[in-house]
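**Q** missing the sequence, but the structure's below:
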């Protein structure tokens, strides 16, 4: 896929938007709100099948998707396919929609790391405010996202560390810390990643810190060292499903497919 480019994010009239939702009223509100912002290239799909087909015809810089598209695939499966086919990258603005706000659903969506989660019914003013903020993040951290999409994780870490030292970017520092950890794992620098997340745990209690730490240890086959931590994380709503996923992958990597299947069943129960 063609790279998005910083100029696309800066010039609203060059942005292509895809909305996947079975509610036409949602299409209309987003279209009219975006038009008022100067974003005029908005395509809408009532189901995942048509949305994915549109992705083969053009590149979208913003993808807004209902988490539960009843007609065919839910948001999780749509995102997995979009990522696999390169339709969604770190440079893409990804937003999930849902009318449900129960804790399990919200945490399931958070695990997928969208740029935002909008609760229906939508409010035009809130849509404008939140989209403007997201686009600002994409602009300010563009070089980091671009490097990650190019697989240049070392360079992404370099840029992230530079941005973290910049007090003017303070409100993005947490995003950058998370991205740095993901890059260390992608580089398979598991010892460095373990130390990095261990230091973060002294200051921050966010779920992604714990998950990154567990992932780094599992990759080093240190599962016995984190028995208690794994037990507590499988009982926390915000880390339960992701922990089962990490454990399933750990057992697959160690060719223990029976235990891997057990973790998958826990994930689905």
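**A** Sure, I can see it. Treat the numbers as computed from the prediction; the structure is a model and nothing was measured.
**Q** how many neighbours does residue 206 have?
**A** 15 (other C-beta atoms under 10 Å). Backbone N, C-alpha and C define where each C-beta goes, glycine included.
**Q** offset the numbering so it begins at 53, please.
**A** Yes, from this point I'll number from 53; that puts the last item at residue 258.
**Q** quick one, what contacts it?
**A** By C-beta atoms under 8 Å, 6 or more residues apart in numbering, residue 258 lies in contact with residue 226.
**Q** can you check residue 266 too?
**A** 278, 281-282, 285, 295, 298.
**Q** among those, give me the pair with the biggest separation.
**A** 281 and 298 (11.5 Å; C-beta to C-beta).
**Q** ok so, going back, which of the contacts of residue 266 has the most neighbours?
**A** residue 295 (26 neighbours).
**Q** just checking, residue 153 touches residue 172?
**A** No - between residue 153 and residue 172 there is no contact under C-beta atoms under 8 Å: 9.8 Å.
**Q** domains for the chain, by residue range?
**A** 58-192, 193-239, 242-321 (automatic domain parsing).
**Q** any idea which of these scores lowest on pLDDT?
**A** Of all these, the minimum mean pLDDT falls on domain 58-192 (a mean of 86).
**Q** picking that back up, which of residue 153 and residue 172 has more residues huddled nearby?
**A** It is residue 172, of residue 153 and residue 172, that has more neighbours when counted by other C-beta under 10 Å, with 16 against 10.
**Q** now that one: closest residue in space, sequence neighbours ignored.
**A** residue 151 (4.2 Å; C-beta to C-beta, 6 or more residues apart in numbering).
**Q** go on, residue 206?
**A** Closest to residue 206 by C-beta to C-beta, 6+ apart is residue 239, at 6.7 Å.
**Q** quick one: the helices in the stretch 53-202 of the chain?
**A** 58-62, 76-89, 100-109, 127-136, 155-163, 176-192, 194-201 (DSSP state H, counting those that start in this stretch).
**Q** return the most buried member of the ones you listed.
**A** helix 194-201 (a mean of 20; mean count of other C-beta atoms under 10 Å).
**Q** other SSEs contacting that one?
**A** Contact analysis of helix 194-201 by 3 or more C-beta pairs under 8 Å, 6 or more residues apart in numbering; DSSP states H and E lists helix 205-216, helix 225-238 as its packing neighbours.
**Q** so which of these comes closest to residue 108?
**A** Minimum separation from residue 108 across those (C-beta to C-beta) falls at helix 225-238, 27.1 Å.
**Q** which residues touch the residue nearest to residue 172?
**A** Residue 151 touches 171-173, counting by C-beta under 8 Å, 6+ apart.
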